[in-house]
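Peer 1: Any chance you can model this:
(one chain, ligands or ions: 1)
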Amino acid sequence: MSADQELAGRLALVTGAGRGIGEAVVHALAERGARVLATDLDTAGVEAAVAGRYDGRVTARRLDVTDAAAVEELVADVEDTLGPLDIAVNVAGILRGSPVAELTDEDWAATFAVNTGGVFHVSRAASRRMAGRGSGAIVTVASNAAGIPRTNMAAYASSKAAAVMFTKCLGLEVASSGVRCNTVSPGSTLTDMQRGMWADAGADPEAAARSVLEGDLAGYRTGIPLGRMADPSDVADAVAFLVSDRARHITMHDLYVDGGATLRA
Ligand SMILES: NC(=O)c1ccc[n+]([C@@H]2O[C@H](COP(=O)([O-])OP(=O)(O)OC[C@H]3O[C@@H](n4cnc5c(N)ncnc54)[C@H](O)[C@@H]3O)[C@@H](O)[C@H]2O)c1
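Peer 2: Residues are numbered from 1 along each chain as shown. As a prediction, this is how the structure comes out:
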């Protein structure tokens, strides 16, 4: 089958699909023929973006991934109404940047509730059903911050590291049932999350972008060897590959899409 319709007939659930990387994942999967359930706290953006496209194969539904009961209910309802889920992609995430000394209990709990708890809730509900049927693919969008220490990002980075290890452990548990679980770890990607980080730091966007590209010795950041920031579609293409049959022998893998920023050290 040609790569352009390689996901035809598959049903995918995407979280955090309202904007940024999640929205790009929705487009990447739908362009390859999948039916997609695009979920987010706020679905207005993705609804507008897919209106009149993809022959109506994209449906939007509100979902808070921190709500375990709501996740179970939505996955059960989707399977009843749309059919068996073949693909689940965890994209929903939040970033509360702060030095540890100033990090509040609420920042810590909220970060883990979305970035780790949400991944657990969705992956548990999806993998249970996929394993029973003997096939399926799950991808968690983590972060390259999970693999390298970053100042002001302790809660975020550790929540993402937990999500990566959770996804690998799940991958091991369900491998014999034909379900593959992988992570994609982006570096700096031009989305509202990235722009929000610059705004929170009170930085001029152009200077902040330059510092991301060129590095910042005081912040122990090496810059991006490939010399550009990721576009959300760069991350979405990696996700689309990992959920496709071209990746049929890949599981428990962590695919960095960061232009070399962490030197893969
Ligand atoms: N942008 C980057 O530079 C970057 C780098 C590495 C990793 N990531 C990760 O990629 C993912 C997407 O990032 P982005 O830049 O597109 O972020 P974004 O902030 O632009 O979008 C995140 C989306 O997640 C949704 N969301 C937040 N909490 C939710 C919840 N409880 N339930 C459901 N949805 C929720 C938001 O509504 C939003 O639509 C995140 O997991 C992020 O941590 C981003």
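Peer 1: as a whole number, average confidence for stretch 133-149?
Peer 2: The pLDDT scores in stretch 133-149 average 98.
Peer 1: So which bits of that stretch are buried?
Peer 2: By neighbour count, and taking 16 or more other C-beta atoms under 10 Å as the criterion, the buried residues in stretch 133-149 are 136-148. No exception for glycine: its C-beta is placed from N, CA and C like everyone else's.
Peer 1: Can you sort out which of those residues also neighbour the ligand?
Peer 2: When the buried residues of stretch 133-149 are checked against the ligand using C-beta under 6 Å from any ligand atom, the ones in range are Val141, Ser143.
Peer 1: can the buried residues of stretch 133-149 go into CSV with extra columns for distance to Asp55 and secondary structure?
Peer 2: Converted to CSV, these look like this (distance: C-beta to C-beta, whole Å; DSSP: H, G, I helix; E, B strand; the rest coil):
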residue, distance to Asp55, secondary structure
Gly136, 24, strand
Ala137, 23, strand
Ile138, 26, strand
Val139, 24, strand
Thr140, 28, strand
Val141, 26, strand
Ala142, 32, coil
Ser143, 34, coil
Asn144, 36, helix
Ala145, 38, helix
Ala146, 37, helix
Gly147, 39, coil
Ile148, 42, coil
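Peer 1: how about a markdown table for the buried residues of stretch 133-149, with distance to Ala218 added?
Peer 2: Conversion of these to a markdown table gives the following (distance: C-beta to C-beta, whole Å):
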| residue | distance to Ala218 |
| --- | --- |
| Gly136 | 45 |
| Ala137 | 41 |
| Ile138 | 38 |
| Val139 | 34 |
| Thr140 | 31 |
| Val141 | 29 |
| Ala142 | 26 |
| Ser143 | 21 |
| Asn144 | 19 |
| Ala145 | 17 |
| Ala146 | 22 |
| Gly147 | 21 |
| Ile148 | 16 |
